[in-house]
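**Student:** Give me coordinates for this.
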Amino acid sequence: MHITNLISQYFGKFAKKEFPSFIQSAINNTYVKSLGLDMSEFRNPKYYKSLNDLFTRELAIQRQIDTNNDSIISPTDSLITECGNLSKDRLLQIKGMEYSVEELLTYHISKENLSKVIDGSFMNFYLSPKDYHRYHAPCDFKVTKLIHVPGKLYPVNLKYLNKELDLFCQNERVILECFDKDSNLFYMVFVGALNVGQMVFEFESAVETNIDAKEIKVYEYDNLNIKKAECLGYFKMGSTIAMIWEKDSIKLKKLTNKKVLFGTVINEK
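**Tutor:** Reported below is the predicted structural model:
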């Protein structure tokens, strides 16, 4: 087991422990104040029974979502670290750091589907430890495949993105193969990171991340339809989502280095 996985497992055990209420309240308040969490849309920190409860908090005040069928919304509260077009089969981890879309998505993606995203579009969403950690559907879509790829758990902050080659391809990740209402293909890649205790998917309880798994697992679906803004699951700490779209299926807004919220429209209509 890589040292990053071991550290993350120990942190995960601490984060899920429920301390006596007065101690847990102090832990929660210290975390909120030290990281500067904006809790205006959430419950008071004292109500969360563990750090995991606080990390994975639900919105207490629902967001207003653009219901236009042509709009694509951000799945998370995050910083857009990179976005743009693939150069054939290459996309950016961060400026100056390219990697292969095939290596990211693995050989469990069909050649036909891989060819569709060549010269396509991509956007990387980085969730810091202080962000809202739930991820949502960017549009109405159908899930046809989930691929769980075990791996390392390097940090995914800007410092590591700038120095660790192929970081997204080295880290543990979960890949969703999706088709929108017009049958356009896109992928959502959920990348694990240091101290991410788990990545949870509400529609697939069999997925277990940050364990001693060594083999890739593939789940296929015939009729799994997800509605826009529906909660897909959550990170138990901050991490990254990389989205990749079929060529000519979307025109993304120029959002590199911009902060977005779950519900922010990310495409040009």
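**Student:** Now do the helices in the stretch 101-250 of the chain.
**Tutor:** Under the criterion DSSP state H, counting those that start in this stretch, the stretch 101-250 of the chain contains helices at 101-105, 111-117, 158-161, 167-170.
**Student:** could I get those as a markdown table with mean neighbour count, mean pLDDT and distance to residue 85?
**Tutor:** Glycine gets a C-beta too; all of them are placed from N, C-alpha and C. Output for the helices of the stretch 101-250 of the chain, formatted as a markdown table (neighbours: other CB atoms under 10 Å; pLDDT from 0 to 100; distance: least, CB to CB, whole Å):
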| stretch | mean neighbour count | mean pLDDT | distance to residue 85 |
| --- | --- | --- | --- |
| helix 101-105 | 19 | 90 | 12 |
| helix 111-117 | 15 | 96 | 11 |
| helix 158-161 | 15 | 64 | 19 |
| helix 167-170 | 21 | 78 | 17 |
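**Student:** I'd like to know which of those is closest to residue 15.
**Tutor:** Using CB to CB as the measure, helix 158-161 is the one of the helices of the stretch 101-250 of the chain that comes nearest residue 15, at 20.8 Å.
**Student:** circling back: could you check the helices of the stretch 101-250 of the chain and tell me which one is nearest residue 256?
**Tutor:** Between residue 256 and the helices of the stretch 101-250 of the chain, the shortest separation by CB to CB is 12.2 Å, and it involves helix 158-161.
**Student:** which of the residues in the helix or strand harbouring residue 29 are buried?
**Tutor:** With elements delineated by DSSP states H and E, residue 29 resides in helix 21-35, which encompasses its position. Under the neighbour-count criterion of 16 or more other CB atoms under 10 Å, helix 21-35 has 24, 25, 27, 28, 31, 32 buried.
**Student:** before we move on, back to that, specify the stretch among the helices of the stretch 101-250 of the chain that is closest to residue 239.
**Tutor:** Residue 239 lies closest, by CB to CB, to one member of the helices of the stretch 101-250 of the chain: helix 167-170, at 10.6 Å.
**Student:** From the contact counts, what lies against the closest one?
**Tutor:** Packed against helix 167-170 by the contact rule (3 or more CB pairs under 8 Å, 6 or more residues apart in numbering; DSSP states H and E) you find strand 97-100, helix 101-105.
**Student:** just the CA coordinates of the first one, formatted as PDB?
**Tutor:** Listed in PDB are the C-alpha atoms of strand 97-100, where the atom choice follows Å, rounded to 0.1, in the frame of the first residue of the first chain:
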ATOM      1  CA  MET A  97       1.200  19.200 -17.900                       C
ATOM      2  CA  GLU A  98      -0.500  16.900 -20.500                       C
ATOM      3  CA  TYR A  99      -1.700  13.400 -20.100                       C
ATOM      4  CA  SER A 100      -3.500  10.700 -22.200                       C
END
